[in-house]
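>>> Dropping the sequence and predicted coords here.
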Amino acid sequence: MLPEKSWLDGYCVEESVVRQFVAMPPSESYPAEEQLTGTADHGGLQVVACAMKAERHRDLRSGAIGIRMHQAMLSMCLKLMGLAPAGRIDQKAYGDVYELGAWDQGHGSRCFVSPLNSAQWMAVTGEQPPTAQEYAARGLPWFDYYGGDAQAVAGSARLRGLKGIAKQADVNGKGPLPDNESIEALSLVTLGKPGQVRECTISGVQS
């Protein structure tokens, strides 16, 4: 089972507010793990997938529990590049309707995702990475997700206290970071929005 959310690209710091992931080097207190734990041991992103416990799955198959999406469990840490909080965007993260106890955490699978910063991207691909400004200038779409009645999580108080990369750059004496200006999303595509209700006749009553 998968979460209702179609993507995850940042730290949920408040309800409907996410700070986007940015690949930053360790040892200068940019990445979240280094700010939270004081160390930079792993790097990147770890995605842990766990099967649902047998008894809960039997309940689902018997119809005792309505089938909904599962919020995947993520653990953020560091290796070559850590995931640092950047700009704030309007975005909701939805909670797991089954809650953590439904999942067999003793029998999970884990994969590691190592992010690249702009210099590493160029080394691997030979191309200059696109900026948000270039993305917007080409009229490419930005996406908004309509979750209906899904309950958005309130966000993490610990993650809310993290320094963003701009503030941490000032602390480190690095000055303004390049390509870090805010932009306006002009081409917005909404995903998951219910269809438009049109006029119809029901039981002889015009509506």
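Yep, it's here. Numbering: from 1, shown residues only.

>>> okay but Gln120 is in contact with Met81, surely?
Yes - when contacts are counted by C-beta atoms under 8 Å, Gln120 is listed as touching Met81 (7.2 Å). C-betas here are computed from N, CA, C, even on glycine.

>>> higher neighbour count, these two?
Met81 (21 against 16; other C-beta atoms under 10 Å).

>>> For the nearest residue to that one once chain neighbours are set aside, give me its contacts.
Distances taken as C-beta to C-beta, 6 or more residues apart in numbering place Ala23 nearest to Met81, at 4.1 Å, with adjacent residues excluded. By C-beta atoms under 8 Å, 6 or more residues apart in numbering, the contact set of Ala23 is Met81, Gly82, Leu83, Ala84, Pro115, Leu116, Asn117, Gln120.

>>> How many neighbouring residues does the fifth one have?
Translated: Pro115. 20.

>>> mind checking the SS state of it?
For Pro115, the assignment made with DSSP: H, G, I helix; E, B strand; the rest coil gives coil.

>>> which residues sit in contact with it?
Contacts of Pro115 (C-beta under 8 Å, 6+ apart): Phe21, Ala23, Gly44, Leu45, Met81, Leu83.

>>> which ones among these are found in strands?
Using DSSP state E, the members of the contacts of Pro115 that fall in strands are Phe21, Ala23, Gly44, Leu45, Leu83.

>>> can you give me the strands for the protein?
Using DSSP E, strands in the chain cover 10-14, 17-24, 43-52, 73-78, 82-90, 103-113, 142-145, 188-191, 201-202, 205-206.

>>> Which one, of these, ends up nearest to Gly164?
strand 82-90 (5.2 Å; C-beta to C-beta).

>>> Which residues does the closest one contact?
Strand 82-90 has contacts (C-beta under 8 Å, 6+ apart) with 10-11, 13, 16-26, 30-34, 40, 43-45, 76, 115, 144, 159, 162-166, 168, 180, 182.

>>> If any of these are buried, give me the PyMOL selection for them.
In PyMOL syntax, the buried subset of the contacts of strand 82-90 is picked out as below (16 or more other C-beta atoms under 10 Å):
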select buried, resi 10+11+13+17+18+19+20+21+22+23+24+25+26+30+31+32+33+34+40+43+44+45+76+115+159+162+163+164+165+168
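
>>> can you list the weak-confidence ranges in this structure?
For the chain, the stretches with pLDDT under 70 are 1-6, 60-80, 179-180, 193-207.

>>> rewinding a little: ok, so of the contacts of Ala23, who is nearest Thr131?
Asn117 (13.1 Å).

>>> I'd like to know the beta-bridge partner residues of the closest residue to the closest one other than its chain neighbours.
Counting by C-beta to C-beta, 6+ apart, the nearest residue to Asn117 once its immediate chain neighbours are dropped is Ala23, at 4.2 Å. With DSSP bridges as the criterion, Ala23 is bridged to Leu83.
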